[in-house]
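Visitor: pasting the sequence and the predicted model now:
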Amino acid sequence: MASLSTPRIGILGAAGRMGRTLIEAVNAAGPALQLAALVESSGHPLLGRALSDADGALVLADDWSPEAVDVLIDFTRPEATLATLEKACRSGTAMVIGTTGFDAGGRRALDTAARQIALCESGNFSVGIHLLQQLVRQAAAALGSDFDIEIVEAHHRYKVDAPSGTALMLGRAAAAGAQTDFDAQAVYARQGHTGPRPRGSLGFATVRGGDVVGDHTVLFLGDGERLELTHKASSRMNFARGAVRAAAALAGRPAGRYGLDEVFG
(Lines give C-alpha, C1' and ligand atoms only; values in the text may rest on other atoms or scores of the structure.)
Protein backbone atom coordinates (compact mmCIF):
# COMPACT_ATOMS: atom_id res chain seq x y z
CA MET A 1 0.00 0.00 0.00
CA ALA A 2 1.45 3.36 -1.05
CA SER A 3 2.27 5.88 1.64
CA LEU A 4 1.38 9.55 1.45
CA SER A 5 4.97 10.18 0.44
CA THR A 6 3.88 8.48 -2.79
CA PRO A 7 0.26 9.65 -3.19
CA ARG A 8 -2.07 7.38 -5.08
CA ILE A 9 -3.94 9.38 -7.71
CA GLY A 10 -7.34 8.63 -9.23
CA ILE A 11 -8.41 10.41 -12.41
CA LEU A 12 -12.06 11.05 -13.26
CA GLY A 13 -12.95 11.36 -16.94
CA ALA A 14 -9.76 9.49 -17.71
CA ALA A 15 -10.58 8.64 -21.33
CA GLY A 16 -11.24 12.24 -22.36
CA ARG A 17 -8.77 14.78 -23.72
CA MET A 18 -8.03 16.31 -20.33
CA GLY A 19 -8.07 12.93 -18.60
CA ARG A 20 -5.41 11.54 -20.91
CA THR A 21 -3.31 14.66 -20.41
CA LEU A 22 -3.59 14.17 -16.64
CA ILE A 23 -2.44 10.57 -17.02
CA GLU A 24 0.59 11.81 -18.95
CA ALA A 25 1.33 14.40 -16.24
CA VAL A 26 1.13 11.82 -13.44
CA ASN A 27 3.42 9.47 -15.37
CA ALA A 28 5.87 12.30 -15.96
CA ALA A 29 6.14 12.80 -12.19
CA GLY A 30 7.88 9.42 -11.99
CA PRO A 31 7.97 7.45 -8.73
CA ALA A 32 6.83 10.48 -6.71
CA LEU A 33 3.21 9.67 -7.64
CA GLN A 34 1.28 6.49 -8.29
CA LEU A 35 -1.55 6.26 -10.81
CA ALA A 36 -4.15 4.23 -8.93
CA ALA A 37 -7.57 4.57 -10.63
CA LEU A 38 -8.96 5.54 -14.04
CA VAL A 39 -12.67 6.33 -14.02
CA GLU A 40 -15.26 7.07 -16.70
CA SER A 41 -19.06 7.25 -16.78
CA SER A 42 -21.18 4.12 -16.86
CA GLY A 43 -21.69 2.88 -20.41
CA HIS A 44 -18.47 4.36 -21.76
CA PRO A 45 -17.28 2.16 -24.68
CA LEU A 46 -13.76 1.80 -23.28
CA LEU A 47 -14.76 0.47 -19.84
CA GLY A 48 -12.75 -2.61 -18.90
CA ARG A 49 -9.90 -1.75 -21.26
CA ALA A 50 -6.41 -0.53 -20.49
CA LEU A 51 -5.62 2.94 -21.79
CA SER A 52 -2.46 3.00 -23.88
CA ASP A 53 -0.98 5.95 -21.97
CA ALA A 54 -1.57 4.43 -18.52
CA ASP A 55 -0.08 1.58 -16.51
CA GLY A 56 -1.05 -1.60 -18.31
CA ALA A 57 -2.35 -3.08 -15.05
CA LEU A 58 -5.01 -0.35 -14.79
CA VAL A 59 -8.23 -0.65 -16.75
CA LEU A 60 -10.91 1.97 -17.18
CA ALA A 61 -13.68 1.52 -14.58
CA ASP A 62 -16.96 3.24 -13.75
CA ASP A 63 -16.11 3.58 -10.03
CA TRP A 64 -13.16 3.94 -7.67
CA SER A 65 -12.22 2.38 -4.35
CA PRO A 66 -11.45 4.67 -1.38
CA GLU A 67 -8.99 2.04 -0.15
CA ALA A 68 -6.93 2.43 -3.32
CA VAL A 69 -6.89 6.23 -3.79
CA ASP A 70 -5.49 9.12 -1.73
CA VAL A 71 -6.40 12.02 -4.02
CA LEU A 72 -8.88 12.32 -6.90
CA ILE A 73 -8.43 14.71 -9.82
CA ASP A 74 -11.71 15.66 -11.49
CA PHE A 75 -12.05 17.74 -14.69
CA THR A 76 -15.48 16.48 -15.78
CA ARG A 77 -18.90 18.14 -15.52
CA PRO A 78 -20.69 19.64 -12.51
CA GLU A 79 -23.24 16.85 -12.01
CA ALA A 80 -20.56 14.14 -12.22
CA THR A 81 -18.15 16.03 -9.96
CA LEU A 82 -20.81 16.61 -7.29
CA ALA A 83 -21.69 12.90 -7.27
CA THR A 84 -18.02 12.02 -6.83
CA LEU A 85 -17.71 14.67 -4.13
CA GLU A 86 -20.42 12.98 -2.03
CA LYS A 87 -18.52 9.69 -2.05
CA ALA A 88 -15.21 11.43 -1.38
CA CYS A 89 -16.70 13.12 1.68
CA ARG A 90 -17.97 9.80 3.01
CA SER A 91 -14.54 8.19 2.56
CA GLY A 92 -12.39 11.21 3.47
CA THR A 93 -10.66 11.21 0.08
CA ALA A 94 -9.01 14.49 -0.96
CA MET A 95 -10.05 16.08 -4.27
CA VAL A 96 -8.53 18.41 -6.83
CA ILE A 97 -11.36 19.85 -8.94
CA GLY A 98 -10.91 21.63 -12.25
CA THR A 99 -14.53 21.25 -13.34
CA THR A 100 -16.22 24.55 -14.23
CA GLY A 101 -19.83 25.68 -14.63
CA PHE A 102 -21.12 25.07 -11.08
CA ASP A 103 -24.32 26.86 -10.17
CA ALA A 104 -24.90 28.45 -6.76
CA GLY A 105 -26.00 25.13 -5.25
CA GLY A 106 -22.90 23.41 -6.57
CA ARG A 107 -20.64 26.07 -5.10
CA ARG A 108 -22.34 25.65 -1.72
CA ALA A 109 -21.71 21.89 -1.97
CA LEU A 110 -18.01 22.58 -2.54
CA ASP A 111 -17.89 24.85 0.51
CA THR A 112 -19.60 22.17 2.62
CA ALA A 113 -17.25 19.45 1.36
CA ALA A 114 -14.20 21.49 2.33
CA ARG A 115 -15.23 21.04 5.96
CA GLN A 116 -14.93 17.27 5.52
CA ILE A 117 -12.04 16.69 3.10
CA ALA A 118 -8.93 18.43 1.78
CA LEU A 119 -10.15 20.23 -1.34
CA CYS A 120 -8.49 22.38 -4.00
CA GLU A 121 -10.87 23.76 -6.63
CA SER A 122 -9.99 26.20 -9.38
CA GLY A 123 -11.24 27.23 -12.79
CA ASN A 124 -7.65 27.04 -14.01
CA PHE A 125 -4.53 25.29 -12.66
CA SER A 126 -2.04 27.07 -14.92
CA VAL A 127 0.75 28.82 -13.04
CA GLY A 128 0.57 31.61 -15.65
CA ILE A 129 -3.15 32.19 -15.01
CA HIS A 130 -2.48 32.18 -11.28
CA LEU A 131 0.00 35.02 -11.82
CA LEU A 132 -2.40 36.80 -14.19
CA GLN A 133 -5.05 36.86 -11.46
CA GLN A 134 -2.66 38.71 -9.17
CA LEU A 135 -1.72 41.20 -11.91
CA VAL A 136 -5.39 41.86 -12.71
CA ARG A 137 -6.16 42.52 -9.05
CA GLN A 138 -3.23 44.94 -8.80
CA ALA A 139 -4.14 46.76 -12.03
CA ALA A 140 -7.79 47.16 -11.04
CA ALA A 141 -6.74 48.63 -7.70
CA ALA A 142 -4.23 51.01 -9.28
CA LEU A 143 -6.30 52.24 -12.23
CA GLY A 144 -9.55 52.80 -10.33
CA SER A 145 -12.96 53.71 -11.71
CA ASP A 146 -11.59 55.79 -14.60
CA PHE A 147 -10.90 52.54 -16.51
CA ASP A 148 -13.60 50.19 -17.80
CA ILE A 149 -12.86 46.47 -17.51
CA GLU A 150 -13.69 43.87 -20.17
CA ILE A 151 -12.74 40.18 -20.16
CA VAL A 152 -12.51 38.36 -23.49
CA GLU A 153 -12.07 34.60 -23.63
CA ALA A 154 -11.81 32.06 -26.47
CA HIS A 155 -12.05 28.27 -26.33
CA HIS A 156 -12.54 25.28 -28.63
CA ARG A 157 -15.90 24.43 -30.16
CA TYR A 158 -16.60 21.65 -27.65
CA LYS A 159 -16.55 23.73 -24.47
CA VAL A 160 -20.02 23.63 -22.92
CA ASP A 161 -20.01 26.49 -20.36
CA ALA A 162 -19.64 30.22 -20.88
CA PRO A 163 -18.03 32.39 -19.74
CA SER A 164 -15.18 30.08 -18.89
CA GLY A 165 -14.35 29.38 -15.27
CA THR A 166 -11.05 31.16 -15.83
CA ALA A 167 -12.81 34.29 -17.14
CA LEU A 168 -14.97 34.33 -14.03
CA MET A 169 -11.87 33.94 -11.84
CA LEU A 170 -10.29 36.92 -13.57
CA GLY A 171 -13.49 38.92 -13.19
CA ARG A 172 -13.58 38.23 -9.49
CA ALA A 173 -9.92 39.25 -9.21
CA ALA A 174 -10.73 42.54 -10.96
CA ALA A 175 -13.72 43.12 -8.68
CA ALA A 176 -11.56 42.47 -5.62
CA GLY A 177 -8.96 44.97 -6.82
CA ALA A 178 -11.59 47.58 -7.65
CA GLN A 179 -13.40 46.88 -4.36
CA THR A 180 -16.71 46.34 -6.12
CA ASP A 181 -19.45 43.68 -5.95
CA PHE A 182 -18.76 41.14 -8.70
CA ASP A 183 -22.26 39.65 -8.83
CA ALA A 184 -23.87 43.10 -9.05
CA GLN A 185 -21.49 44.44 -11.73
CA ALA A 186 -20.96 41.46 -14.09
CA VAL A 187 -22.46 41.86 -17.59
CA TYR A 188 -22.53 38.64 -19.61
CA ALA A 189 -24.33 39.71 -22.80
CA ARG A 190 -25.17 42.83 -24.80
CA GLN A 191 -27.78 43.03 -27.52
CA GLY A 192 -29.99 45.73 -28.95
CA HIS A 193 -30.17 49.24 -27.54
CA THR A 194 -28.11 48.79 -24.38
CA GLY A 195 -27.50 52.44 -23.58
CA PRO A 196 -24.21 53.82 -22.20
CA ARG A 197 -21.96 51.47 -20.29
CA PRO A 198 -22.75 51.59 -16.54
CA ARG A 199 -19.85 52.89 -14.46
CA GLY A 200 -18.02 50.06 -12.67
CA SER A 201 -19.51 47.22 -14.72
CA LEU A 202 -17.41 44.15 -15.60
CA GLY A 203 -18.04 42.98 -19.17
CA PHE A 204 -17.52 39.47 -20.54
CA ALA A 205 -17.19 38.42 -24.19
CA THR A 206 -17.07 34.77 -25.27
CA VAL A 207 -15.60 33.20 -28.43
CA ARG A 208 -16.06 29.52 -29.33
CA GLY A 209 -14.50 27.71 -32.26
CA GLY A 210 -11.76 25.52 -33.65
CA ASP A 211 -9.31 23.86 -31.30
CA VAL A 212 -8.41 26.86 -29.11
CA VAL A 213 -7.14 25.49 -25.78
CA GLY A 214 -7.78 28.73 -23.94
CA ASP A 215 -7.09 32.45 -24.51
CA HIS A 216 -7.94 35.12 -21.93
CA THR A 217 -7.47 38.88 -22.15
CA VAL A 218 -8.42 41.44 -19.52
CA LEU A 219 -8.74 44.94 -20.97
CA PHE A 220 -8.54 48.09 -18.87
CA LEU A 221 -10.01 50.79 -21.12
CA GLY A 222 -9.40 54.42 -20.23
CA ASP A 223 -9.65 57.72 -22.09
CA GLY A 224 -6.74 57.88 -24.51
CA GLU A 225 -5.07 54.67 -23.37
CA ARG A 226 -5.71 51.05 -22.56
CA LEU A 227 -3.90 48.21 -20.81
CA GLU A 228 -4.26 44.60 -21.96
CA LEU A 229 -3.20 41.60 -19.89
CA THR A 230 -3.27 38.35 -21.88
CA HIS A 231 -2.62 34.67 -21.31
CA LYS A 232 -2.72 32.12 -24.14
CA ALA A 233 -2.55 28.39 -23.55
CA SER A 234 -1.34 26.19 -26.40
CA SER A 235 -1.43 22.89 -24.48
CA ARG A 236 -3.65 21.29 -21.85
CA MET A 237 -0.48 20.07 -20.19
CA ASN A 238 -0.18 23.45 -18.44
CA PHE A 239 -3.43 22.74 -16.57
CA ALA A 240 -2.61 19.09 -15.98
CA ARG A 241 0.81 19.79 -14.45
CA GLY A 242 -0.71 22.31 -12.07
CA ALA A 243 -3.49 19.94 -11.03
CA VAL A 244 -1.04 17.09 -10.44
CA ARG A 245 1.17 19.42 -8.43
CA ALA A 246 -1.88 20.34 -6.34
CA ALA A 247 -2.78 16.68 -5.83
CA ALA A 248 0.71 15.87 -4.57
CA ALA A 249 0.52 18.79 -2.13
CA LEU A 250 -2.98 17.87 -0.93
CA ALA A 251 -2.25 14.26 0.05
CA GLY A 252 -2.40 13.77 3.80
CA ARG A 253 -3.56 17.30 4.60
CA PRO A 254 -6.44 17.96 7.00
CA ALA A 255 -9.87 19.00 5.75
CA GLY A 256 -10.07 22.48 4.34
CA ARG A 257 -10.23 24.48 1.15
CA TYR A 258 -6.74 25.04 -0.21
CA GLY A 259 -5.91 27.84 -2.66
CA LEU A 260 -3.33 27.74 -5.40
CA ASP A 261 -0.96 29.84 -3.28
CA GLU A 262 -0.88 27.02 -0.73
CA VAL A 263 -0.51 24.07 -3.12
CA PHE A 264 1.91 25.77 -5.53
CA GLY A 265 4.10 27.08 -2.72
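Guide: Yep, it's here.

Visitor: need the contact list for residue 36.
Guide: 2, 8-10, 58, 68-70 (CB atoms under 8 Å, 6 or more residues apart in numbering). From N, CA and C alone the C-beta is placed, and that goes for glycine too.

Visitor: three-state assignment of it?
Guide: What DSSP: H, G, I helix; E, B strand; the rest coil gives for residue 36 is strand.

Visitor: grab the nearest non-local neighbour of it.
Guide: Spatial nearest neighbour of residue 36, excluding adjacent residues (CB to CB, 6 or more residues apart in numbering): residue 8 at 3.7 Å.

Visitor: repeat that for residue 137.
Guide: The shortest distance from residue 137 to any non-neighbouring residue, by CB to CB, 6+ apart, is to residue 177 (3.9 Å).

Visitor: let's test this: name the helix or strand in the chain with the lowest mean pLDDT.
Guide: Every helix and strand of the chain was ranked by mean pLDDT, DSSP states H and E. The lowest is helix 260-264, at a mean of 88.

Visitor: just checking, what packs against that helix?
Guide: strand 118-121, helix 127-143, helix 237-250 (3 or more CB pairs under 8 Å, 6 or more residues apart in numbering; DSSP states H and E).

Visitor: the strands in the chain, which residues?
Guide: Assigned by DSSP state E, the strands in the chain fall at 8-12, 34-39, 60-61, 71-74, 94-97, 118-121, 148-155, 186-187, 202-208, 214-221, 226-233, 256-257.

Visitor: how about residue 70, phi and psi?
Guide: phi -100, psi -40 (degrees, to the nearest 10).

Visitor: now the strands of the chain as a markdown table including mean pLDDT and distance to residue 193?
Guide: As requested, these are exported to a markdown table (pLDDT from 0 to 100; distance: least, CB to CB, whole Å):
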| stretch | mean pLDDT | distance to residue 193 |
| --- | --- | --- |
| strand 8-12 | 96 | 45 |
| strand 34-39 | 94 | 49 |
| strand 60-61 | 94 | 52 |
| strand 71-74 | 98 | 43 |
| strand 94-97 | 98 | 41 |
| strand 118-121 | 97 | 39 |
| strand 148-155 | 98 | 19 |
| strand 186-187 | 97 | 15 |
| strand 202-208 | 98 | 17 |
| strand 214-221 | 97 | 21 |
| strand 226-233 | 97 | 25 |
| strand 256-257 | 96 | 43 |
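
Visitor: residues contacting residue 247?
Guide: Taking CB under 8 Å, 6+ apart, one finds 7, 9, 33, 71, 73, 94, 96 in contact with residue 247.
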